[in-house]
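**Q** What follows is a predicted protein model with its sequence.
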Amino acid sequence: MKQPIFNYDEMSDTLYVSFAPGEKATGIELTEHILLRLNKHERRAVGLTFLNYSILAQQTEIGPRSFPLTGFAKLSDELQEMVLEVMKLPPVSELLLLSSYTPSISDTVPITLLQFANAAASAK
């Protein structure tokens, strides 16, 4: 597997991560700041886009920031399954950690956090 290409735009504070440069993809909004670019036919990640990257990568006093996958609920069941499948595998799993928040015994909210902030900082 090729190494991802990191491209940081300082003006917009956006980090683009490409796994397959130039390949057409469908954008899936995971959160309002994280976009997964997906080849739906091959069920494969093409890239990730992180808006307001410096905020996403910022540590808190108690550890890394986690973000609910707010865009997940807007997806069809089939697309939800595909997104989870893609997020659990490299190369996405090497950049985003998928987890869940369980506010009650019957509710599970998928969440993610950046697990590559130090490596990507060198792209800046």
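**A** Arrived safely.
**Q** Downstream of the helix or strand containing residue 81, the next helix or strand is which one?
**A** Following DSSP states H and E, one finds residue 81 within helix 77-87. Sequence order places strand 96-104 as the next helix or strand after helix 77-87, per DSSP H and E.
**Q** Dihedrals phi and psi, residue 72?
**A** phi -60, psi -40 (degrees, to the nearest 10).
**Q** Residue 31 versus that one, what's the distance?
**A** Using Cβ to Cβ, to the nearest Å, residue 72 is found at 9 Å from residue 31. For glycine as for every other residue, the C-beta is placed from the backbone atoms N, C-alpha and C.
**Q** The helix holding residue 81 - contacts with which helices or strands?
**A** strand 34-39, strand 96-104 (3 or more Cβ pairs under 8 Å, 6 or more residues apart in numbering; DSSP states H and E).
**Q** what pairs with the last one, and is each one parallel or antiparallel?
**A** So the one you mean is strand 96-104. Strand 96-104 sits in its sheet next to strand 107-114 (antiparallel), going by DSSP bridges.
**Q** which residues does residue 102 contact?
**A** 108-109 (Cβ atoms under 8 Å, 6 or more residues apart in numbering).
**Q** Could you tell me the model confidence score at it?
**A** Looking at residue 102, its pLDDT is 94.
**Q** If anything else comes up later, I'll come back, but that's it for now.
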